[in-house]
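S.K.: Just the structure for this:
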Amino acid sequence: MAFIVGLTGGIGSGKSAAADAFEKLGAAVVDTDLIAHELTRAGGAAIDGVRALFGDSAIAADGAMDRKAVRERVFSDPAAKRRLEALLHPMIRAESERRIAAATAPYVVHVVPLLVESPGYRQRVQRVLVVDCPEALQVERVRARSGLPAEAVEAIMRSQVSREERLAAADDVIDNSGTLAALQNQVRKLHQTYLELARS
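M.R.: Coordinates of the predicted model:
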């Protein structure tokens, strides 16, 4: 049985940067966002299901799910969001479990953006690691990365659990309000901790 660290954090907190740093140190990374992208790209296993749910308007010209169209649809329609989650979540979970079972690294970093929101996930990870930074910095980073207006980023943040709830669920916290080097330094320390925990 693999030792699993559940890595989570709000949008723009720096989850990917932290996961990359763990991977460079030799951890196996299983990222639910990457799996979701694979399932919804052209020819992906979820494409037929997305088309059945939302019609051809949900599929882009290249055959992948039209993320912008679907994001707008599910943000304005909670029932549509639930239908999309009912399609994708079991597929993501099954593929995550397959990759975790196949991992040969000393431990697995399982990146789950909505870990704290997902009732079953706490039972599937041995540690919860939260990547944290001030909310104003989250907004700034997402705007720089995606060009979304501040209001759209704030709406996404409101749809996630609060920073306080996330921190309350954490076994470990990475403070990502500083530089990339500062984040990597914290990852190195946690890597040693996780190696010891995985051995014991």
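S.K.: Please, which helix or strand holds the nearest residue to Ala45 once chain neighbours are set aside?
M.R.: Excluding its sequence neighbours, the residue lying closest to Ala45 (Cβ to Cβ, 6 or more residues apart in numbering) is Leu39, at 5.3 Å. Bear in mind the C-beta positions are built from the backbone N, C-alpha and C, glycine included. Using DSSP states H and E, Leu39 sits within helix 32-40.
S.K.: Which parts of the protein are strands?
M.R.: 4-8, 28-31, 108-111, 127-132, 172-175 (DSSP state E).
S.K.: what's next to the fourth one, contact-wise?
M.R.: Taking Cβ atoms under 8 Å, 6 or more residues apart in numbering as the criterion, the residues outside strand 127-132 that touch it are 4-9, 13-15, 18, 109, 115-116, 122, 163, 166-167, 169-177, 183, 190, 194, 197.
S.K.: Which strands border that strand, and is each parallel or antiparallel?
M.R.: Counting by DSSP bridges, the strands paired with strand 127-132 are strand 4-8 (parallel), strand 172-175 (parallel).
S.K.: what about the shortest one, distance to the chain center?
M.R.: In this case it means strand 172-175. 16 Å (Cα atoms, centre = their mean, to the nearest Å).
S.K.: how about it: buried residues?
M.R.: In terms of neighbour count (16 or more other Cβ atoms under 10 Å), strand 172-175 has its buried residues at 172-174.
S.K.: residue contacts, Phe3?
M.R.: Counted by Cβ under 8 Å, 6+ apart, Phe3 has contacts 106-108, 126, 194, 197-198.
S.K.: that older thread, which helices and strands does the helix holding Leu39 pack with?
M.R.: Applying 3 or more Cβ pairs under 8 Å, 6 or more residues apart in numbering; DSSP states H and E, we find helix 32-40 packed against helix 78-102, strand 108-111.
S.K.: now do 7 Å
M.R.: Secondary structure elements in contact with helix 32-40, counted by 3 or more Cβ pairs under 7 Å, 6 or more residues apart in numbering; DSSP states H and E, are helix 78-102.
S.K.: and the helix it packs on, average pLDDT?
M.R.: For helix 78-102, the mean pLDDT works out to 92.
S.K.: Okay, angle between that helix and strand 4-8 too, please.
M.R.: Helix 78-102 and strand 4-8 are oriented at 150 degrees to each other (axes from the mean of the first three to the mean of the last three Cα atoms, to 10 degrees).
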